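1. Here's my sequence, what's the structure:
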Amino acid sequence: MMQGDPFGFFVTLAFALGAFLGGAWWCLRRWSQARHLLDTPTSKIRSAAQGYVELYGVLEALPDMQLSGPLTGKPCLWWRFRIEEYRSSGSKRSWRVVESGASDAWLRLVDGTGECLIDPRGAEIRAAVREVWEGNLRHPLGPAKTGLLGFLSSGQRYRYSEERFHVGQPLYAIGDFSTHGAAQQGFDMQSAQGEVIREWKGDYVGLLRRFDSDGNGQLDEQEWNRVRLAAQLEAEDRHRLKAAEPAQNQMAKPGERQPFILSNSGEDELARGFYWQAAAGAVLCLVGALATAWLFGVQSW
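-> Residues are numbered from 1 along each chain as shown. Okay, the predicted model is just below:
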């Protein structure tokens, strides 16, 4: 039979089960990520295989790209920020996030054998540069006023944090690697020829002007054969020009549930941190399991 407070029992049980399941999930997730990092060998960009790879190099700026942190105004290659407001209501005091965001600008990783462009969207990013300060302005251009001037400027209290990647920093990257360029792709003559013909048909007047030899406003079979031959030659020329362009290496979030991580720290340091987090998840799972067993034991007693 239910004894005491049934509602309190179920609330406590829900917390215990949540700790058990959440701790187990976190432990397995972090352990799996650590194993992925350690089991994936570091590749050189020039010889990296297509698919899931691990790279290590130096960050360099992309041409004509100018980026700066939204809170500090400092030049960088990538940023992430958070603005929190201090809330006080009676005995409750807490920081509440009122604004946050992250840059989606692509990164350029160079390792001496080549370069790789990285799309940071969806990545777990760990930047070495992180600034945290407090002030009285919602959107500071830098560290806000402090002391008496800060107190007089506003009745609000804010906490800011900004993380950044900078030129010349080391970068560890693990994710889905692919090389783009005609030289890396098979050339399908039929489809390439058809694409050229469809493009020419978009300007049908120009097509007639080029291939309607008898000027009757229509293309007969012989004239269409000339169109197809010219389209084939055009497709081959376009493929040769594209194949002469340098290949472009890219990294993005893997389609499968594999970790996508960008960090200024190396894999050993990252894996060590993941193992500690996995251990914390295991402890939480154990505490949740013991609490659940204790609750059922008390209830049955």
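2. Counting neighbours, what do you get for residue 61?
-> 16 (other Cβ atoms under 10 Å). In this view, the C-beta of every residue, glycine as well, is placed from N, C-alpha and C.
3. Verify the stated contact: it with residue 78.
-> No - under the criterion of Cβ atoms under 8 Å, residue 61 makes no contact with residue 78, lying 11.1 Å away.
4. Looks to me like residue 286 is in a helix.
-> Yes - with DSSP: H, G, I helix; E, B strand; the rest coil as the criterion, residue 286 is located in a helix.
5. so what's it up against?
-> The contact partners of residue 286, taken as Cβ atoms under 8 Å, 6 or more residues apart in numbering, are residue 23.
6. how about the strands in the stretch 51-200 of the chain?
-> Using DSSP state E, counting those that start in this stretch, the strands found in the stretch 51-200 of the chain span residues 51-60, 67-68, 75-76, 78-89, 92-102, 107-110, 115-118, 124-126, 129-135, 158-165, 170-180.
7. of all those, which lies closest to residue 45?
-> Residue 45 lies closest, by Cβ to Cβ, to one member of the strands of the stretch 51-200 of the chain: strand 115-118, at 5.1 Å.
8. For the closest one, name the packing helices and strands.
-> Using 3 or more Cβ pairs under 8 Å, 6 or more residues apart in numbering; DSSP states H and E, the elements in contact with strand 115-118 are strand 51-60, strand 107-110, strand 170-180, strand 248-252.
9. Averaged pLDDT, it. What do you get?
-> Strand 115-118 carries an average pLDDT of 94.
10. Sheet-wise, list the partners of that strand with their directions.
-> Using DSSP bridges, strand 115-118 pairs in its sheet with strand 107-110 (antiparallel), strand 248-252 (parallel).
11. got the contact list for it?
-> Contacts to strand 115-118, defined as Cβ under 8 Å, 6+ apart, come from residues 45, 48, 55, 57, 60, 62, 106-109, 173, 175, 177, 248-252, 262.
12. Let's see that with 6 Å instead.
-> Defining contact as Cβ atoms under 6 Å, 6 or more residues apart in numbering, one finds that strand 115-118 is touched by 45, 106, 107, 108, 109, 173, 249, 250, 251.
13. Turn the buried ones among those residues into a named PyMOL selection, would you?
-> A single PyMOL command selects the buried members of these (16 or more other Cβ atoms under 10 Å):
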select buried, resi 45+106+107+108+109+173+249+251
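14. from the contacts of strand 115-118, which two are the most distant?
-> Among the contacts of strand 115-118, 45 and 106 lie farthest apart (Cβ to Cβ), at 15.1 Å.
15. Let me know how buried residue 235 is, in neighbour terms.
-> Under the neighbour criterion other Cβ under 10 Å, residue 235 is assigned a count of 21.
16. swap that for residue 24, sorry
-> 17.
17. OK, contacts around it?
-> Applying Cβ under 6 Å, 6+ apart, we find residue 24 in contact with residue 285.
18. could you redo the last one with a cut-off of 10 Å?
-> By Cβ atoms under 10 Å, 6 or more residues apart in numbering, the contact set of residue 24 is 281, 282, 284, 285, 286, 288, 289.
19. shared neighbours, residue 61 and residue 78?
-> 67, 107, 166.
20. how about low-confidence regions in the stretch 101-250 of the chain?
-> Scanning the stretch 101-250 of the chain for pLDDT under 70 picks out the ranges 142-155, 181-187, 244-246.
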